[in-house]
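> when you get a sec, could you give me coordinates for this:
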Amino acid sequence: MSEAKDSAASDGRRGLGRDGILLFATRSARMFSYGFLSVVLVLYLSALGFGEGRIGLLLTLTLVGDAIVSLFITTRADRVGRKTMLVAGALLLAGAGLVFALSGDFYVMLLAATIGVISPSGNEVGPFLAIEQAALSQILPDERRTDIFARYNLAGSLATASGALVGGWTAQILQGSGMAAVESYRVLVFAYAGFGPFLAFLFFFLSSAVEAPASTIAAEPRGLAGRFGLGKSRRVVAKLSALFSLDAFAGGFVIQSIVAYWFHRRYGVGPGLLGSLFFGANILAGFSALYAARLAKRFGLINTMVFTHLPSNVLLILVPLMPNLPLAMAVLLARFSISQMDVPTRQSYTMAAVTPEERSAAAGVTGIARTAGASISPSLSGLLVAGAATAGLPFIISGSLKIAYDLLLLRAFNARDRKKSS
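As a prediction, the model looks like this:
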């Protein structure tokens, strides 16, 4: 294992190495599938005859299920095997996609959404991100972590953008050729399921260098924190988890599928234009992550997270207040151009704040906290967006709560960041 680790570190100094390239490839493929699904998912559920209340409940339980599955997988990945758990996650993605495509029964889909991996937001769900972050942190030098995470997030954003564009226009073209709307969306859900076996195939080729070093793995974890794979880092992980869950709860009001549905209802925007809108949004978000790494080196990780996030949240509040479609789209795009600059810095800070042997668990627990927080709000957002007078409230609530999160984060961790910036 030590030889593999030394080889990986040597590759990391020169470039990504084979494992790094594979992890970038799996991130890109996964986010492409999340991108096209998120544009049409709520439209698909609506076409199946589900009301906004049921759709919101389904989205909420989708994220709750993702949190439970991810917690189980990520907190065992370092002991059972990171590669094995990544393959398991890919198979869960495939299973959930197949059930959504083949069944129109609400309760069957609810069960599949709870057990499997479905992304209603276009963002990461499931166990993948936490394990991949830990693996990347291990095979690359610490001084390159923030920069590599920025590029890793750029790859994901470009893939999400491409998926949104392809998904939106595929549905539009299929409908234009005479296919019923629900069937055009079903084609994309089948395609989503197909990405599961493809991801499992890619994960199979990862080397042993991505696995946690055997000498650092506790034989038998004790206590609640131990069962989550945490020891020395449990306090900082608990604080980060509480704050990240607030941010995610706020973000759950405006997940990509809900925003797409809001534009569709308010302005009659079709799937093709929606795909183009989110293509542009995710392109802007992806490239902004590269600037985040440069800012972090100068101002620190926490300052970069907070002072790029605050103005993006003000812009989010302004979206439903715009008087017409072009202005609403322009403000949303402006928001996306800076909204994701906190992501690579947040990920890098989490990896820097914990011990190396607890990185999978720490990323998993903080990721689960985010998923759990985000799982509550879509059901509320679904009810709000259904009413003419309340349709814009999800944007306002989300932006306001995110501003509160930024200020709390700055207060709690800014002093500590002076030692962790990288």
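
> when you work out contacts or count neighbours from here on, use the C-alpha atoms and nothing else.
Noted.

> next SSE after the host helix or strand of residue 261?
Assigned by DSSP states H and E, residue 261 belongs to helix 256-267. Using DSSP H and E, the helix or strand that follows helix 256-267 towards the C-terminus is helix 271-299.

> for the record, mean pLDDT for the helix holding residue 261?
Mean pLDDT, helix 256-267: 89.

> for it, which positions count as buried?
For helix 256-267, burial by neighbour count (16 or more other C-alpha atoms under 10 Å) applies to 256-264.

> just the element for residue 323, please.
Here residue 323 is assigned to no helix or strand, by DSSP H and E.

> that one: neighbouring residues, count only.
By other C-alpha atoms under 10 Å, the residues close to residue 323 number 9.

> likewise the one 3 residues further on?
Neighbour count for residue 326, taken as other C-alpha under 10 Å: 10.

> look up how far residue 259 lies from it.
Going from residue 326 to residue 259 by C-alpha to C-alpha, to the nearest Å gives 15 Å.

> next: residue 59.
13 Å.

> quick check on residue 105: phi, psi?
The phi/psi pair for residue 105 (degrees, to the nearest 10) reads phi -80, psi 130.

> what's the neighbour count on it?
As a measure of burial, residue 105 has 12 neighbours, counting by other C-alpha under 10 Å.

> and if you look at residue 389?
Residue 389 is flanked by 9 other residues according to other C-alpha under 10 Å.

> just the element for it, please.
Since the elements are taken from DSSP H and E, residue 389 ends up inside neither a helix nor a strand.

> please apply the same query to residue 124.
Counting by DSSP H and E, residue 124 is part of no helix or strand.

> apart from its chain neighbours, what residue comes closest to it?
residue 31 (7.3 Å; C-alpha to C-alpha, 6 or more residues apart in numbering).

> that neighbour and residue 175, how far apart?
Residue 31 sits 24 Å away from residue 175, taking C-alpha to C-alpha as the criterion.

> give me the more crowded residue out of these two.
Legend: neighbour count by other C-alpha under 10 Å for residue 31 and residue 175, higher for residue 31 (28 against 17).

> so that one sits against residue 160, correct?
Yes. When contacts are counted by C-alpha atoms under 8 Å, residue 31 is listed as touching residue 160 (4.9 Å).

> find residues that contact each of these two.
Counting by C-alpha atoms under 8 Å, 6 or more residues apart in numbering, the contacts common to residue 31 and residue 160 are residue 122.

> quick check, central residue of this structure?
With distances taken as C-alpha atoms, centre = their mean, residue 124 lies nearest the centre of the chain, 2.3 Å away.

> in the helix or strand where residue 114 lies, what counts as buried?
Per DSSP H and E, residue 114 falls inside helix 106-115. Residues of helix 106-115 classed as buried by neighbour count (16+ other C-alpha under 10 Å): 106, 109-115.

> name the residues that touch that helix?
By C-alpha under 8 Å, 6+ apart, helix 106-115 touches 50, 58, 61-66, 69, 92, 95-96, 99-100, 103.

> name the nearest residue to residue 39, sequence neighbours excluded.
Nearest residue to residue 39 in three dimensions, chain neighbours excluded: residue 257, at 5.5 Å (C-alpha to C-alpha, 6+ apart).

> how far away is that neighbour from residue 139?
Distance from residue 257 to residue 139, counting by C-alpha to C-alpha: 35 Å.

> with residue 281 instead?
Taking C-alpha to C-alpha, one finds residue 281 at 31 Å from residue 139.

> next: residue 132.
Distance from residue 132 to residue 139, by C-alpha to C-alpha: 11 Å.

> more neighbours, those two?
residue 139 (26 against 22).

> so the more buried one is in contact with residue 209, correct?
Yes. The pair residue 139 and residue 209 passes the contact test of C-alpha under 8 Å, sitting 7.0 Å apart.

> and the strands in the stretch 1-150 of the chain?
Counting by DSSP state E, counting those that start in this stretch, no segments of the stretch 1-150 of the chain form strands.

> next: the stretch 301-422 of the chain.
According to DSSP E, counting those that start in this stretch, the stretch 301-422 of the chain contains no strands.

> so where's the chain uncertain?
1-15, 214-229, 414-422 (pLDDT under 70).

> who's in contact with residue 379?
Residue 379 touches 53, 55-60, counting by C-alpha under 8 Å, 6+ apart.

> now do 6 Å
Each residue near residue 379 by C-alpha atoms under 6 Å, 6 or more residues apart in numbering is listed here: 56-57, 60.

> ok, now residue 241?
366, 369.

> begin at 270 from here
OK, 270 is where the count begins now, so the last one is residue 510.

> list the buried residues for the strand or helix carrying it?
Assigned by DSSP H and E, residue 510 belongs to helix 503-520. Going by neighbour count (16+ other C-alpha under 10 Å), the buried part of helix 503-520 is 503, 506-507, 509-510, 512-520.

> could you do stretch 336-356 as well?
336-348, 350-352, 354-356.

> got the CA coordinates for it in CSV?
Provided in CSV are the C-alpha atoms of stretch 336-356 (Å, rounded to 0.1, in the frame of the first residue of the first chain):
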residue,chain,number,x,y,z
ALA,A,336,-28.8,10.8,2.8
ILE,A,337,-29.4,7.5,4.5
VAL,A,338,-27.8,5.4,1.8
SER,A,339,-24.8,7.8,1.6
LEU,A,340,-24.3,7.7,5.3
PHE,A,341,-24.2,3.9,5.3
ILE,A,342,-21.8,3.7,2.4
THR,A,343,-19.4,6.6,3.1
THR,A,344,-18.9,5.8,6.7
ARG,A,345,-17.8,2.3,5.8
ALA,A,346,-15.9,3.0,2.6
ASP,A,347,-12.5,3.3,4.3
ARG,A,348,-12.9,-0.1,6.0
VAL,A,349,-14.8,-2.0,3.3
GLY,A,350,-13.1,-0.4,0.3
ARG,A,351,-13.7,2.8,-1.5
LYS,A,352,-13.8,1.2,-4.9
THR,A,353,-16.4,-1.4,-3.8
MET,A,354,-18.7,1.2,-2.3
LEU,A,355,-18.4,3.4,-5.4
VAL,A,356,-19.5,0.5,-7.6
